[in-house]
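Enquirer: Need the 3D shape of this:
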Amino acid sequence: MQPHGSRTLLFFVITMGGIIAPIPPADASPQPRPICGACGTSFERVAADHGIALTVTRNTARVEVHANGSATWIVTNDVNESAAGRLTDDRELLERIARGAVTDTRGLPHALESGSVRNGRECPPIPPRPA
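Expert: Residues are numbered from 1 along each chain as shown. You can find the predicted model right below:
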């Protein structure tokens, strides 16, 4: 005859095995890609590549989708004071950093106002889905 504790342990092991066995292992998936190349850390990296110690303290992205399916993106990055001062003094540098952060800029200007860098981009119309 088995002691009472052994039966309890055996019951516990069988029960846990029945609970855990049906759970499939988690699949590894790639890291998500940022939707906004001109936002936050991407913008900071491009600035660092140009020798600027820039920190984005806050950012916003506004996307306006037009009736024809095209879209306009306006990204605003609030940056640290020293970087804002340097970019105010060197508009060409601002332009290079902004263009480097946005892969496709179509005619929208980049601006710096009160420590905020604004990037703009227009996207071509998205073809309609087939019916």
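Enquirer: Nearest spatial neighbour of residue 62, chain-adjacent residues omitted?
Expert: residue 74 (4.7 Å; C-beta to C-beta, 6 or more residues apart in numbering). C-betas here are computed from N, CA, C, even on glycine.
Enquirer: That neighbour: how many residues sit nearby?
Expert: 15 (other C-beta atoms under 10 Å).
Enquirer: Look up how far residue 36 lies from it.
Expert: 11 Å (C-beta to C-beta, to the nearest Å).
Enquirer: Please apply the same query to residue 89.
Expert: Taken as C-beta to C-beta, the span from residue 89 to residue 36 is 27 Å.
Enquirer: Could you give the bridge partners of residue 118?
Expert: Beta bridges link residue 118 to residue 76, residue 111 when assigned by DSSP bridges.
Enquirer: no no, residue 59
Expert: Going by DSSP bridges, residue 59 forms beta bridges with residue 77.
Enquirer: these two touch, right, it and residue 44?
Expert: No - taking contacts as C-beta atoms under 8 Å, residue 59 lies outside contact range of residue 44: 10.3 Å.
Enquirer: in this protein, which segments are predicted with low confidence?
Expert: Residues of the chain meeting the criterion pLDDT under 70: 1-29, 31-35, 37, 103-115, 119-129, 131.
Enquirer: hmm, back to that, which neighbours do residue 74 and residue 36 share?
Expert: Common neighbours of residue 74 and residue 36, counting by C-beta atoms under 8 Å, 6 or more residues apart in numbering, are residue 61.
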